[in-house]
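Student: next comes the sequence, and after it the predicted model I'd like to discuss.
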Amino acid sequence: MTHASETLDGAQLASTPTGAYHLDHDLLGDREIPAGTYWGVHNLRAVENFPITGQPLSTNPHLVRGLAAVKLAAARANQELELLDAERGAAIEKACLEILGGRLGVAAFWTTTSNTS
């Protein structure tokens with residue numbers, strides 16, 4: 001079992017003082033992800049395998065807020081169209097509102113759906 005580091009691409013990650021974690025699984029196996037984070041094994045592997053810019057997203061706060069606003073609008077629209085269930089929609093909405101309100105830090109990674117990591 002591999003432990004996720006306390007940083008992801010140089011950005012400090014949110015973790016509990018007790019060092020609690022949850023297991024996340026993909027086809028390559030299980031990884032320990034710090035509790036309280038909004039990312040999982042796919043994001044971790046993407047950062048480990050593809051360090052692209054070396055620059056954290058937190059250096060681009062306008063972009064981060066813009067992405068959160070778009071994600072929030074998409075989640076609300078997809079819930080209204082009944083394409084996104086209420087539980088997932090609420091979780092996405094909560095995270096987006098925390099980012100927009102400045103209460104949620106952003107880890108330094110970009111991910112895509114290219115399935116390359």
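Tutor: Done, it's in.
Student: which residue ranges form the helices in this protein?
Tutor: In the chain, helices defined by DSSP state H lie at 41-49, 61-80, 86-100, listed in chain order.
Student: deepest-packed of those helices, please.
Tutor: Highest mean neighbour count of these: helix 41-49, a mean of 19 (counted as mean count of other CB atoms under 10 Å). The C-beta positions use only the backbone N, C-alpha and C, and glycine is treated the same way.
Student: give me the pLDDT for the residue in the chain sticking out farthest from the centre.
Tutor: The outermost residue of the chain relative to its centre, with distances by CA atoms, centre = their mean, is residue 81 at 24.5 Å. On the pLDDT scale, residue 81 is placed at 97.
Student: give the contact list for it.
Tutor: If you count contacts by CB atoms under 8 Å, 6 or more residues apart in numbering, residue 81 has none.
Student: got the phi and psi for it?
Tutor: The phi/psi pair for residue 81 (degrees, to the nearest 10) reads phi -80, psi 0.
Student: show the pLDDT at residue 18.
Tutor: We note a pLDDT of 55 for residue 18 in this prediction.
Student: end-to-end on stretch 78-86?
Tutor: With CA to CA, to the nearest Å as the measure, stretch 78-86 spans 10 Å from end to end.
Student: any idea how far the closest residue to residue 32 other than its chain neighbours lies from residue 28?
Tutor: Distances taken as CB to CB, 6 or more residues apart in numbering put residue 21 closest to residue 32, at 4.3 Å, once the chain neighbours are dropped. Separation of residue 21 from residue 28 (CB to CB, to the nearest Å): 17 Å.
Student: look at the two and report which has more neighbours.
Tutor: Per other CB atoms under 10 Å, whichever of residue 21 and residue 28 has more neighbours is residue 21, with 17 against 10.
Student: confidence score at that one?
Tutor: For residue 21, pLDDT reads 89.
Student: ok, now residue 70?
Tutor: Looking at residue 70, its pLDDT stands at 96.
Student: who's in contact with it?
Tutor: Not one residue lies near residue 70 by CB under 8 Å, 6+ apart.
Student: again, only this time at 10 Å
Tutor: For residue 70, the contacting residues are residue 96, by CB atoms under 10 Å, 6 or more residues apart in numbering.
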